[in-house]
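Trainee: no sequence for this one, just the structure:
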């Protein structure tokens, strides 16, 4: 047993340290593009039970210059939770307590390993909710929600998860424990405000993908649950993508709660099973979440949104939106992935107005590589944010016994990333799976981020492969 | 390779994490699809993702596709899994088939099953019951009942109903007779259903049991076979057809038969039972065979009974911990954790936990006694017999 492992056992106890070949194998893995193309085994996996333990682990890592990779559910497919080779994986699964739900201050605080869905359930019991509603599974954690700045329902109105952050406890690579936000004072009022009269340091950690520190406590602003929420659904043919884009633009302007654009491939398995009925000429489906503090308010909003969709030639798809409501629309595209069983995803931002161009590019590249077929399900999924779309196309099905097929997908993946970068699309979370052009394209901004990283993490132990190449 | 039969499924995990929970599936209390907090039982105990359905699946993937060596520690990983199939209800991947195939692969490479399970399998092969009891003792429960050895409806007592809980089989006969139904039984010709070897990497023993039992039942002229044990029922319904093709008889769980008899007015439960009870869904009857309603219908038909659901019920019922017997035999301390968790939940709402699987009942009784949780466990058929 190495000194490193002995040190970690002395901090958290032997039952919370794993280092067998099979444990290391499992933590070297994530499905999708990340799992296919990158990754190595850690030397050890450790599950701390407190912030103090996390701090001591980081001190050991810094002293021994051992790389550290934070890990939560591991459902992100970019591979940021996979070590390059060796080092420590810190799994925060034990730090899962909800610390505080304060209805007066309208905040919730939880340990970094707490399940987002578990928190949402507790909020729901009190008639509260996150302004933006994450839509994943019950496994993702609130620490990862900050590190990955997750999306969800109502992003059109409220933006991403990180926008609502009011407090963050970070364990830095040297073991220092930093509290950010109003709770930096560690005084009576605790968490209630993000800003401290200083530059927005908290923002530095949002979307950081585990390269700057471990998040052991997170506080987020919450909102009242609306009295009425429902979904309407409108479809457009493939050749009317420009009209649809105009409709999305006006839905954003008129404060739609949420607009999600999907292509027909998302519904492929449901269509095959006769679960949905979609007119043949429809290629794009827009699910629009409508809400209101009262039925009257809801009715006004619904009427306005229907007017917009009708004006731009949308076809009312009735209750199709409800098919994917609940657990929630996530299941529409996930259903597609499950149909084939494999996921190969892209995640990037672009201006709303660029949707026709970007979708053309996507279809063109998929067709070029023979991927525009039921076997691969080239689904498209865009969350509409304030003035951008967060597009999340994905492909299913590769067969590991056929290296030529995997290579074909790899080539498609590289080529489409290069093309998207050239026109100015922005990656969701930079990771090792991306071609070099993605980070090079950032120019001086990338160099600046590297300098910041160098200050916070001079030994470059935090997730070293994911920003430094 | 045993994994060959499931190789097309091994790489189909998208790491969405839905298979292991760690929260409610739907985070809203009033949604139609609202679920309680749940977590995969092995992940709950060990914490590391190695002990999760996606972890187990990934290991099997690497063993098959990259010849990752099978090591002794995989025994603990795969035999800690209680085969509760909650993962299988959350995802379309056939986790149970994959885990069974992996255990077979391990056995072929002489890793596993753990010693107590291996001994049980030897007993099944040699004397046709997992306890190693003499086969002639199998018929003792039926003494004095004058059951015929041929007939259209045959009661398959199983190892539990024959050796460990004769009262369960006697209660079953009593209840069915009260409804005017006479069952035949297999006597010494009844062998173990083969469930344990099937779930511990030795499907050839399961197949041997299947061939024998089906042949005997065919010769008896059985048109229907009724089984009180959830594990035996699942083995007949799911495994035997895989081994032998379509069976020459219908297979029914006792809860299904009695609920039908109650609905048709054939079984009258005249005597009230004043008790607050809850129902524990056995994994092999519930999630494996999707039978949730029949036992509840039967319980609720008892006059005077107060029936209350536990928070985790139906699709989200927690496992008793025995894990098809193989987990309980291999790692009793792990079984105890699950059993106590379940008993504590039951105790919150009731005095008695009713189940429809004698192994679940035994697991509860054994562990309740050890920790004095002051809650009784009873099989559905015994409860119904009390109400006659």
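Mentor: Received, thanks. Values in this document were obtained by computation on a predicted structure and should not be read as measured data. Numbering: from 1, shown residues only, chains lettered A, B, ... in the order given.
Trainee: how about the residues of the stretch 51-200 of chain B by chain A?
Mentor: B:55, B:58-59, B:62, B:65, B:68-69, B:71, B:73-74, B:77, B:91-93 (Cβ under 8 Å from any Cβ of the partner chain). Using the backbone N, CA and C atoms, a C-beta is placed for each residue, glycine as well.
Trainee: quick check, central residue of chain A?
Mentor: residue A:150 (3.6 Å; Cα atoms, centre = their mean).
Trainee: helix, strand or coil: sort out it for me.
Mentor: Look at residue A:150: counting by DSSP: H, G, I helix; E, B strand; the rest coil, its state is coil.
Trainee: return the per-residue confidence for it.
Mentor: Listed pLDDT for residue A:150 reads 87.
Trainee: tell me how far the residue lying closest to it once chain neighbours are set aside lies from residue A:148.
Mentor: Counting by Cβ to Cβ, 6 or more residues apart in numbering or on different chains, residue A:161 is the residue found nearest to residue A:150 once chain neighbours are left out, at 4.7 Å. Distance, residue A:161 to residue A:148, using Cβ to Cβ, to the nearest Å: 8 Å.
Trainee: check residue A:268 too.
Mentor: Where residue A:148 is concerned, residue A:268 sits at a distance of 27 Å (Cβ to Cβ).
Trainee: the more surrounded of those two?
Mentor: Comparing residue A:268 with residue A:148 by other Cβ atoms under 10 Å in any protein chain shown, the one with more neighbours is residue A:148, at 26 against 19.
Trainee: pretty sure residue A:350 is touching residue A:426, no?
Mentor: Yes - counting by Cβ atoms under 8 Å, residue A:350 touches residue A:426, with 7.5 Å between them.
Trainee: which of these two has more neighbours?
Mentor: residue A:350 (21 against 15).
Trainee: quick check: that one is in a strand.
Mentor: Yes - counting by three-state DSSP, residue A:350 falls inside a strand.
Trainee: okay, and for the chain, where does confidence drop off?
Mentor: As the question left the chain open, I've gone with chain A. A:30-39, A:76-80, A:322-344, A:386-387, A:389-401, A:431-435, A:467-469 (pLDDT under 70).
Trainee: please go with chain B instead
Mentor: Using pLDDT under 70, chain B drops low at B:30-33, B:371-373.
Trainee: quick one, strands of it?
Mentor: Secondary structure of chain B (DSSP state E): strands at B:21-23, B:38-39, B:153-156, B:184-185, B:224-227, B:250-253, B:276-280, B:306-307, B:352-355, B:376-379.
Trainee: how about those in a markdown table, adding distance to residue A:247?
Mentor: Output for the strands of chain B, formatted as a markdown table (distance: least, Cβ to Cβ, whole Å):
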| stretch | distance to residue A:247 |
| --- | --- |
| strand B:21-23 | 35 |
| strand B:38-39 | 40 |
| strand B:153-156 | 63 |
| strand B:184-185 | 70 |
| strand B:224-227 | 59 |
| strand B:250-253 | 54 |
| strand B:276-280 | 51 |
| strand B:306-307 | 52 |
| strand B:352-355 | 56 |
| strand B:376-379 | 60 |
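Trainee: which of those strands sits most buried?
Mentor: strand B:21-23 (a mean of 27; mean count of other Cβ atoms under 10 Å in any protein chain shown).
Trainee: I appreciate the help and will end here.
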